[in-house]
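Chemist: Sequence and computational prediction follow.
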Amino acid sequence: MSSSLPYSVKDVHYDNAKFRQRSYLKVMTQNLLTGSRKRDCLSCSTGKFLVLLLVFGLAYLFLTSTPVHVPNQVAKVSESNEKGEFKINGGISFKNLWRRAPRLPPRLPPDEKGSNTSYHIDPNMLVSESLWISRQQKVKDAFIHAWSGYKRYAMGNDELMPLSQTGTDGLGGLGATIVDALDTAMIMGASDIVSEAGSWVEKHLLDRIKEKGQVNLFETTIRVLGGLLSAYHLRAGEYGKNFENEGPKPAVYLETAKNLADRLLSAFTSSRTSIPFSDVVLQNFSAYAAPGGLSSTSEVSTLQLEFNYLSTVSGDPKYSVAAMKVLEHMKNLPKVEGLVPIYISPDTGDFIGETIRLGSRGDSYYEYLLKVWIQKGMRENNNFTYLHDMYEEAMKGVKHLLVRKSVPNGLVFVGELPYGSNAAFSPKMDHLVCFLPGTLALGATKGMSRDEAMRKSLLSFDDLENLKLAEDLAKTCFEMYEVTSTGLAPEIAYFHTEEYSEQGLGGGNKKSKYIDDIIIKSLDRHNLLRPETVESLFVLYRITGNPKYRAWGWQIFEAFERHTKVSSGGYTSLDDVTSIPPRRRDKMETFFLGETLKYLYLLFGDSSAIPLDKYVFNSEAHPLPIEGNTPMK
C-alpha cells in the first residue's frame, strides 16, 4: 500500500515555494547599501577604508570558494509590505550579514530532465494560430461527416451502425445522437445541422418521450436531458443570435426537457430511500431497480447538474430537491478515505460490496462532487461546501490508495481495489479513468488559468500536487494511445509493476518508450471513440496553456481519421487497436459527436469559447452555466 504519491514532494515543492531563494551576495550587498549604520560608517576615512577592504575581501572569498548550498525552505523576513517588497531592519551585523536569504514571489517551475511535466516545448508544437484554426475546421468537417452518415442511414434512431448503414436503438429510442450532437453543432456554428436536429426535436421528440418504454435514468439524463438543457441555454444566450432562423425557439427545448424530467422523477419517487431506481418507463411514469436490485454509484450521483439547472430555469425546485438528496445522503455514509464502492442499494440506501475504482460505475461520482459545487458558485460556507470537502477527501484517498508507478519507465496510473482497501491492488486502468486529469486540474484552479491563480496566490499545496498529478496522468492517458499500432487507446490497460507482470501483451508500437510498461489483454483491445482523454487535454490546455496538449489532441484526431472514418458517412468503433488494419465494430456512439469531437474542437480553438470559469460540462460534455450566468425562462 502506497503511503504517498509515487513521486517525491520535491517535484511540486518548487511551485509551492512562496518565495524564491536569493543569493548570499545579493543579501550582503543589500545590507551594505541599506543598513542603518551605513551613513555613519562612510562619513570617516577609516570607515571608507574598512568598507573597501570588506568588499574586496568578500569578492576574493566568493571567487575562490565553492558555492554554498542554500536549503529550499521558507525564510523568515523581518518585515514585508503589501507589494511583496522586503525591508531589512537594523544595521550591519554578522547575524544580518550571514542570515538566510529571503525568497522572491513564486514562478513557474524550470525544465526538469525526465519529468513527465517538463516545460521544454518541442518546436513542432509551436505551430501558428492560423494552423490551429485550420485544424479546428478539420474537426468540424469530421463532425459534419459523422452527422451525414447518421442522417442518411439512422435519422431518428439512437445510434448509427455505419458499416451496416442502418440505425439502432440501444438507449430507449429517443434519437439520442440528435440531442447529443445539437449543442456541438451550435458551438461549431454548423447551422444546417442545428436546423435539422432542432426541427426533429420540435416535431418528434415529445411524442417519443410520451410513447417510449424503459430507459436508463443515468444515460437519459446526461445525454438527452443534458443535451436539451444545453441547447436551451446556448439558443437563449450568446449563441442564439447565430441561429435565429434555424430550429425552434429556446422554449421548445425547455418544455421538452421538463416533460422528460417529470417522467424521470419517478425513479426517485418510487424508491423508499433517497437513492433512485436505475430504470424508468417513460410512458406510464413508473420506475424499477436494475436486475439484482442495485444501482451504480456513479449513475445515481451523476444527475445533479442537469436537475439543478432545470430547477433554476423553470422556477420549480422539485427537480433539484430530488437529485440533491442523493448527495446529501451519501455525505453521511461510511467511506474509505473518501472513496466509495461502485454499487448502492435503493432499498437500504447503503453502499454494497467493497470494489473501489474510478472506472465504470465509479467515475462520475467524483467528477460531480466537484462540478456541482462549482455550479453552485463555489461560495464558502454555503449549503454545498460539503461537496468540495468530499471531493478533497476523495482525491487524497486516490493519491494514497490508488496511484502507482509502472516499471520500468515510471508511468503514473490509477489502479483499482477490487476487493476493498485491505485486499490486493489491481494495476488495471479503464480509459474512463482518463477523465481524472481534467477534473484534478479543474479542482486545482477552479477554471481559471494556472498563471492567474498563481498571481492571485490561490493555489494551495494540495492544489499544486493535484495539478502535478493531473499532468502526469494525462501523459499516461496519451501513452495509452501512443503505445498501440493504430495510435488509438484500448478500453482497458494494465500496467507492469513490481508485483504484476504479463508478457506478450503489448500495444504493437515497438517504437514506444512505454511498450514494456503497458499491458493490453485480448478482451480489452477495443476502442469505442471515447472522449475522456481529449476531455482532459482540453481542460489542461485551457489551464496551463502548454501547447503539448494541443499536439497530443491532434495526433489522436489524426488516428481517428485514419482508422475509424467510414467513407459512406460516420465513424466506427474498433475491435482491436493493436493490429493494422484494425477490425471494426460497426457502431458510432452518440458521445463521439456529443463529446469527443466537441472537446477536440474547443481544444484547437480560442479559449474564450465556453470558458471554464463560466461553464461546467456535464458528464456528456453538455455545457451548463455556473450560477450567475443563467438566463431565466
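Modeler: Nice, I can see it.

Chemist: Wait, residue 307 touches residue 316, no?
Modeler: No - taking contacts as Cβ atoms under 8 Å, residue 307 lies outside contact range of residue 316: 10.5 Å. Placement of C-beta: from N, CA and C, glycine included.

Chemist: who's more crowded, the two?
Modeler: The neighbour count for residue 307 versus residue 316, taken as other Cβ atoms under 10 Å, is higher for residue 307 (25 against 14).

Chemist: give the contact list for residue 214.
Modeler: With contact set as Cβ atoms under 8 Å, 6 or more residues apart in numbering, residue 214 has these partners: 172, 279-282, 288.

Chemist: Sort out which one of the residues you listed lies nearest residue 355 for me.
Modeler: residue 279 (21.6 Å; Cβ to Cβ).

Chemist: pLDDT score for the closest one?
Modeler: Note for residue 279: predicted pLDDT of 97.

Chemist: right, and it touches residue 216 too?
Modeler: Yes - when contacts are counted by Cβ under 8 Å, residue 279 is listed as touching residue 216 (6.0 Å).

Chemist: Tell me where the stretch 51-200 of the chain has strands.
Modeler: Remark: strands assigned in the stretch 51-200 of the chain by DSSP state E, counting those that start in this stretch are 79-80, 86-87, 103-104, 159-161, 166-168.

Chemist: Next: the stretch 501-633 of the chain.
Modeler: So, for the stretch 501-633 of the chain - with DSSP E, counting those that start in this stretch - the strands run 518-519, 615-617, 623-625.

Chemist: where does the stretch 351-500 of the chain have low pLDDT?
Modeler: By pLDDT under 70, the low-scoring segments of the stretch 351-500 of the chain are 380-381.

Chemist: That one: helices as residue ranges?
Modeler: 363-375, 385-397, 436-445, 450-455, 461-482 (DSSP state H, counting those that start in this stretch).

Chemist: List the buried residues for the shortest one?
Modeler: Think helix 450-455. Residues of helix 450-455 classed as buried: 450, 453-454 (neighbour count, 16 or more other Cβ atoms under 10 Å).

Chemist: Pretty sure residue 234 sits against residue 186.
Modeler: Yes - counting by Cβ under 8 Å, residue 234 does reach residue 186; the two are 4.7 Å apart.

Chemist: one step back: of the contacts of residue 214, grab the buried ones for ChimeraX.
Modeler: Buried residues within those, by 16+ other Cβ under 10 Å, are selected in ChimeraX with:
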select :172,279,280,282
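
Chemist: Tell me the one of the contacts of residue 214 nearest residue 382?
Modeler: Nearest member of the contacts of residue 214 to residue 382, counting by Cβ to Cβ, is residue 280, at 31.1 Å.

Chemist: residues touching the most centrally placed residue in the chain, list them.
Modeler: With distances taken as Cα atoms, centre = their mean, residue 438 lies nearest the centre of the chain, 1.7 Å away. Counting by Cβ under 8 Å, 6+ apart, residue 438 touches 470, 535-540.

Chemist: returning to that earlier point: JSON lines please, covering the buried residues of helix 450-455 and showing distance to residue 546.
Modeler: Shown next, in JSON lines, are the buried residues of helix 450-455 (distance: Cβ to Cβ, whole Å):
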{"residue": "450", "distance to residue 546": "9"}
{"residue": "453", "distance to residue 546": "15"}
{"residue": "454", "distance to residue 546": "14"}
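
Chemist: Could you report the neighbour count for residue 510?
Modeler: So residue 510, with other Cβ under 10 Å, has 9 neighbours.

Chemist: Quick check: pLDDT value at it.
Modeler: 94.

Chemist: Can you tell me how far it is from residue 351?
Modeler: Separation of residue 510 from residue 351 (Cβ to Cβ, to the nearest Å): 44 Å.

Chemist: Enumerate every residue touching residue 379.
Modeler: Per Cβ under 8 Å, 6+ apart, neighbours of residue 379: residue 385.

Chemist: for the closest residue to residue 489 other than its chain neighbours, what are its contacts?
Modeler: Spatial nearest neighbour of residue 489, chain neighbours left out: residue 480 (4.2 Å); criterion: Cβ to Cβ, 6 or more residues apart in numbering. Applying Cβ under 8 Å, 6+ apart to residue 480 gives the contacts 431, 434, 489-490, 493, 507, 518, 533.

Chemist: Can you add distance to residue 459 and neighbour count and give those back as TSV?
Modeler: Formatted as TSV, those follow (distance: Cβ to Cβ, whole Å; neighbours: other Cβ atoms under 10 Å):
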residue	distance to residue 459	neighbour count
431	29	24
434	23	29
489	30	28
490	34	27
493	31	30
507	35	27
518	31	28
533	25	27
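
Chemist: Can you tell me which of those residues comes closest to residue 249?
Modeler: Closest to residue 249, out of all of those and judged by Cβ to Cβ, is residue 533, at 36.8 Å.

Chemist: what's near enough to touch that closest one?
Modeler: 431, 434, 474, 477-478, 480-481, 489, 556.

Chemist: how does it look with 6 Å?
Modeler: For residue 533, the contact set (Cβ atoms under 6 Å, 6 or more residues apart in numbering) comprises 434, 477.

Chemist: Around the nearest residue to residue 135 once chain neighbours are set aside, count how many other residues there are.
Modeler: Distance criterion Cβ to Cβ, 6+ apart; nearest residue to residue 135, sequence neighbours excluded, is residue 604 at 5.0 Å. Number of residues near residue 604 (other Cβ under 10 Å) recorded here: 24.

Chemist: Please give me every residue in contact with residue 604.
Modeler: Residue 604 neighbours (Cβ under 6 Å, 6+ apart): 132, 135-136.
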